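Trainee: prediction below, plus the sequence it came from.
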Amino acid sequence: MRKTTAFFVLIFIFLNFQPNFSYGQTQKPVITDKANLTPTVVEQVIKPKRVEEIVEAVKNNPGPISIGGARYSQGGQIVTEKATFIDMRDFNKVINFSPKEKLVTVQPGITWIKLLDYIDPHNLSPKIMQTYSDFTVGGSLSVNAHGREPEGAIISSVKSIKVVLGNGDIVSASREENPEIFYSAIGGYGGVGVIVEATLELTDNIKIERRSKIMDAKQYPAYFEKYIKNNSSVVLHNAYLYAPEYKEVRAVTWVKTNKPLTITDHLQSLDPADHAKKRAAIETQEGGLGQRLRQDIFDPIDYKQNVVAWRNYEAAHVIAELPVSDEEKTYILQEYFVPVNKLNEFIPKLRKILQQNKVQILNLSIRHAEPDNESILSWSPKETFSIVLYYRQENTDKARKEAASWTPKLIDASISVGGTYYLPYQLYASEKQFNKSYPHFDEFVDLKKELDPHNKFRNKLWDKYYPEKPTPVVYYVGPRDTGGGPIVLEKIRELSNQNKIQGYFNYYDECIEKNGELNCVLPGSRQLKPLNNLNDKEKEFYIFVDGKIKSLEELSKLGIDISQNKKDPR
C-alpha cells in the first residue's frame, strides 16, 4: 500500500512540477480580434488610463504603433506584427456632459453601453451608433460606423475630437479647427494618430413603436422612398432580405409614439444568460431550412406582437445575443454599399454569388445612409443602401480559401453598380478594388505622410494598402560629448528633422554591457533590451538601423557620413 501511494505521489510531482527549460525567454503578447481571425504577436501592450501615458508611448516609440478597443474588426485593423499595442479599454471616462446643450465628451475607450447608462437618467440618447452597444466609441469613430438611423455615418454626429499625432502633439480637430485631421481620423482606422477625446451630439430618448411590412425585394426601394425617407416620425429603420432565395424583404421601422410601454426596462441586460433564448433562435436559422422557418414561422409570429420601448433600450443590443465562435466555426460580417437606385440591380448579382458558393447566411440586413462628403475615406459619397451579411464559416483552410474566392466577386458586383465595400472586415479586396472603392485614398496618403511621416501608426489594413514603407529607425549608442560621437549625433539629428530617418539616442550610462551583449532602455520600453552581440569593448559608439549594427558603407546609403571617425561601428 505504501509503495503504491509513493508511486502516485511521484507521478503527481512529475506531471505538475516539470522543470522549465526556457531560461531567459520572454513570451511575447498576442493580440487578436473577437473572432480570433488575426492572432498577432506584438512587442508590448500598454493600457493607458491618462492621456499623458499615450503621449509618452507615441512620442518615444519609433513604431509600429497599433490601437485597439473592443476588437470587433475582423481583418487585423487593430494590430500588426511587432507593434506597441495601445489597449484603449481602460481609457474610458466621461470628461464633460451638458444635458442642456445635448453634448457629451468622452475618452474613446468607453463602450456605448456604458455611455447609454450614463446619459439615460437624463433622457438623452446618442444621435447615431452601431446596432450593438459593446463597441467602444473610439472604434466606432475609427471605422466611421453607422447603425439603423437613416442618417448614416457617425461622423455627422461628432462635434469635435482630440488626436495624439506621431510627434506626441495633442491637437483639437473639428469642422472649423484642423478639419483635415477631423476628416482623416474619423474613418481613418488609426492611420493618422490616436483619438483621445470625442465630443458627440445627443438627442432625446423617446418612446418608439415597432412596425413591419413584408414585400417583394424589388418593391423595397420605392417603399423606402415613399414611406421612410422623409418621414419625421421614423427613428430607426432596416430591412431583412431573406436567404436563401433573397427575393423577399421584411421592412422594420421604429417610429415615435405616445403609446404605453410594452417593455419598461431602460437598457438591455449585459448577462449572456438573459439572451440565451434569442441566441439559440439565431443558431436554428443556419442553413436553408432554418432560414425558411424564420421567414415563414418565427418572424411572422414575432412581428405580430406590439412592441413599444425606449429608444435607449433598442439601442442597447449586446453581442451576447449572437452565436459564439469556437474552434470549429466562426461568425463573420461583410458589408457592401450601393446607390439607392441600384439596389434592384445589385441583389440578383448578390443572390447568384451567395447561392453558387453556398454561403451559410444567418442574417442579411439592408440599411440606409445619407451622403457623407466629410470623411476622406467615405463609404457613402452618395445616398446608399448598405447590405450587411452575417454568416457562419468553418474554421478550415478550405473554407477560408473559398471565402477569399467569392468575396472579391461580391466586391466587383458592388463596384459594377457604382458602389463600394466596408473596410473593417477580412482583407480580401485587391489593391485595384480598394482604390476603386476609395478614390480619395491618395488624399489620405498625402495627409498621413504629413501627420505621420515615419508611418508609426500601422495595422494590417494599412500594411496591405498603404504604399509607404516605414522610414529607417536609427539608434545611436555612444558617448555624449567625446570622440567621434558628436559628428554622428549632429548628422542623425539633421536627418531626423528632415523626416528621412527616425533618430533615437542612448548613451553609455543608459546602457549595460553584460557577457558581450549591450542592453539599453530603448524608446517606448521600460526595460533593458539587447541590441546586438558586441565583443569589441573598445568601440567608441555603435549605430543600429532597424535593430542591426550597420557598416560605414551601409550608413552612407542613409546619408550618415561618419568617415571622419577612426572606428568602424561594425
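Mentor: Noted; the coordinates are in hand.
Trainee: chain center to the longest helix along the chain: distance?
Mentor: Counting residues, the longest helix found in the chain (DSSP state H) is helix 397-416. Taking C-alpha atoms, centre = their mean, to the nearest Å, one finds the center of helix 397-416 at 21 Å from the center of the full chain.
Trainee: who touches it?
Mentor: Under the contact criterion C-beta atoms under 8 Å, 6 or more residues apart in numbering, helix 397-416 has outside partners 332, 334, 336-338, 346, 349-350, 353-354, 356-357, 359, 393, 420-421, 426, 428-430, 433, 436-437. In this view, the C-beta of every residue, glycine as well, is placed from N, C-alpha and C.
Trainee: buried residues in that helix?
Mentor: Neighbour-count burial for helix 397-416, with 16 or more other C-beta atoms under 10 Å as criterion, is recorded at 400, 402, 403, 406, 407, 409, 410, 411, 412, 413, 414, 415.
Trainee: and if you look at stretch 118-134?
Mentor: In terms of neighbour count (16+ other C-beta under 10 Å), stretch 118-134 has its buried residues at 119-120, 124-134.
Trainee: for stretch 59-72, same thing?
Mentor: Neighbour counts over stretch 59-72 (16+ other C-beta under 10 Å) mark 59, 61-72 as buried.
Trainee: what mean pLDDT does it have?
Mentor: Averaged across stretch 59-72, the pLDDT comes to 91.
Trainee: repeat that for stretch 433-449.
Mentor: Per-residue scores along stretch 433-449 average to 95.
Trainee: same thing with stretch 258-266?
Mentor: pLDDT averaged over stretch 258-266 gives 97.
Trainee: residues in contact with that stretch?
Mentor: Contacts for stretch 258-266 (C-beta under 8 Å, 6+ apart): 120, 207, 209, 305, 306, 307, 308, 309, 310, 312, 313.
Trainee: can you select the buried ones from the residues you listed in ChimeraX?
Mentor: Isolation of the buried members of the contacts of stretch 258-266 (16+ other C-beta under 10 Å) is achieved in ChimeraX through the command below:
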select :120,207,209,307,308,309,310,312,313
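Trainee: show me the contacts of stretch 258-266 that map onto strands.
Mentor: 207, 209, 308, 309, 310 (DSSP state E).
Trainee: which of those lies closest to residue 98?
Mentor: Nearest to residue 98 out of the ones in strands among the contacts of stretch 258-266 is residue 310 (C-beta to C-beta; 21.4 Å).
Trainee: and the closest one, how far is that from residue 240?
Mentor: Computed as C-beta to C-beta, to the nearest Å, the residue 310 to residue 240 distance reads 23 Å.
Trainee: related to what we said a few turns ago, tell me the least confident of the buried residues of helix 397-416?
Mentor: Per-residue pLDDT puts residue 400 lowest of those, at 92.
Trainee: can I get the buried residues of stretch 118-134 in CSV including pLDDT and secondary structure?
Mentor: Formatted as CSV, the buried residues of stretch 118-134 follow (pLDDT from 0 to 100; DSSP: H, G, I helix; E, B strand; the rest coil):
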residue, pLDDT, secondary structure
119, 98, helix
120, 98, helix
124, 98, strand
125, 98, strand
126, 98, strand
127, 97, coil
128, 97, coil
129, 95, coil
130, 93, coil
131, 92, coil
132, 94, strand
133, 95, coil
134, 94, coil
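Trainee: got the domain ranges for the protein?
Mentor: Structural domains assigned to the chain are 1-205+451-469, 207-439, 473-557, following automatic domain parsing.
Trainee: helix/strand/coil for residue 55?
Mentor: helix (DSSP: H, G, I helix; E, B strand; the rest coil).
Trainee: in space, what's closest to it - neighbours in sequence excluded?
Mentor: Spatially, and ignoring its direct neighbours in sequence, residue 55 is nearest to residue 168 (4.9 Å; C-beta to C-beta, 6 or more residues apart in numbering).
Trainee: picking up where we left off before, now the two most distant members of the contacts of stretch 258-266.
Mentor: Counting by C-beta to C-beta, the most remote pair of these is 120 and 305, 24.1 Å apart.
Trainee: ok so residue 231 is a helix residue?
Mentor: No - counting by three-state DSSP, residue 231 falls outside a helix, being coil.
Trainee: neighbours of it, how many?
Mentor: 15 (other C-beta atoms under 10 Å).
Trainee: so who does it touch?
Mentor: residue 255.
Trainee: repeat that for residue 242.
Mentor: 248, 249, 250, 291, 294, 295, 364.
Trainee: those residues, buried ones only, as a ChimeraX selection?
Mentor: Only the buried entries of the contacts of residue 242 go into this ChimeraX selection, using 16+ other C-beta under 10 Å:
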select :249,250,291,294,295,364
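Trainee: now, the contacts of residue 242 that are in strands?
Mentor: Per DSSP E, the contacts of residue 242 map to strands at 248, 249, 250, 364.
Trainee: still on that earlier bit, among the contacts of helix 397-416, which ones are in strands?
Mentor: Among the contacts of helix 397-416, the ones falling in strands (DSSP E) are 332, 334, 336, 337, 338, 393, 420, 421.
Trainee: who touches stretch 82-92?
Mentor: 29, 31, 40-49, 51, 54, 57, 61, 63-70, 78-79, 106-111, 114, 136, 138, 194, 196, 458-459, 524.
Trainee: distance from it to the middle of the chain?
Mentor: Per C-alpha atoms, centre = their mean, the centroid offset for stretch 82-92 relative to its chain is 12 Å.
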